[in-house]
Every structure is written in structure tokens, then in C-alpha cells.
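>>> Below are the sequence and a predicted model for it; my questions follow.
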Amino acid sequence: MWIYWPSFNGALAVGSQQQRVIVNTVLGISGSCLGAAFTARSMFGKLEMELILNATLAGGVAVGSVADVLSEPYEAMLIGYIGGILSSVGFKHIGPWLSDTFNV
């Protein structure tokens, strides 16, 4: 994920924009892992690898649509961080709730 997702996001960019997309994607993935680790420790009491793995994908996807527009590194980290938190909470709480509600 860490190697191929940034190159996937940057494939259609040209010139220096491609470098910006790749760097912003890596920063977004890093932020999502930090957000997932924070959420896991604060809400669930322990680090759960499954949450961090899911958040890695969420951070790459969240920052992928705007990676060429972002001009500051903190913007990519913030988008990834929020994506990691939402991914962790969604995986831990919303997924089981949907499963119970709709008997899937």
C-alpha cells in the first residue's frame, strides 16, 4: 500500500505536479495511520492492527482526489488523519451495527 498507492495516484499527473501528488499521498497515508492509532488507543484501549491497515487505505483514498491541489503538507496530513479516525470508528462501530440491523 505504501509503495503502490502513491504511484497510482500520481500516474496521470505531469511534471512537478506528479511529485506533489506522491508526497501528499504519502503524507495522507501517514496521517491516517496516526489517526487510527490515536482512535484505537483512546476509544478501544489498545492498538489494533486491523484498524490501522484499513485506515491506510482510507488515507490514500481520501487524499487521492485532491492530492494535486494541496499546497501545504499539513493539509494532506489533516485529511489523512480525519480519514483514519472515520475509518476506525466506522469499522469498529458502524460495520457491526449495520450487520446486526440488516442481518447480513
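Received, thanks. Numbers count the residues shown, from 1 in each chain.
>>> Can you classify residue 69 as helix, strand or coil?
Put simply, residue 69 is coil when judged by DSSP: H, G, I helix; E, B strand; the rest coil.
>>> what's the spacing between it and residue 53?
Using C-beta to C-beta, to the nearest Å, we find residue 69 at a distance of 27 Å from residue 53. (C-beta placed from N, C-alpha, C; glycine too.)
>>> Check residue 41 too.
The separation that residue 41 has from residue 53, given C-beta to C-beta, amounts to 16 Å.
>>> what's the answer for residue 37, then?
Residue 37 sits 12 Å away from residue 53, going by C-beta to C-beta.
>>> hmm, back to that, which one of residue 41 and residue 53 is surrounded by more residues?
Summary of the neighbour comparison: residue 41 and residue 53, criterion other C-beta atoms under 10 Å, with residue 53 having more neighbours (15 against 12).
>>> Okay, the more buried one and residue 33: tell me how far apart.
The span separating residue 53 from residue 33 equals 9 Å under the rule C-beta to C-beta.
>>> try residue 20
The gap separating residue 20 from residue 33 is 21 Å, by C-beta to C-beta.
>>> Quick one: neighbours of the residue nearest to residue 89 when sequence neighbours are not counted, just the number.
Using C-beta to C-beta, 6 or more residues apart in numbering and skipping the chain neighbours, the partner closest in space to residue 89 is residue 39 (6.4 Å). Residue 39 is surrounded by 23 other residues when neighbours are defined as other C-beta under 10 Å.
>>> May I have the predicted confidence score for residue 39?
Residue 39 is assigned 93 on the pLDDT scale.
>>> Can you tell me how far it is from residue 9?
In this structure, residue 39 and residue 9 are separated by 24 Å, where distance is defined by C-beta to C-beta.
>>> For this protein, give the helix that spans the most residues.
helix 16-39 (DSSP state H).
>>> element containing the residue nearest the centre of the chain, please.
For the chain, the residue nearest the mean C-alpha position is residue 59 (1.3 Å; C-alpha atoms, centre = their mean). Here residue 59, judged by DSSP states H and E, is contained in helix 49-64.
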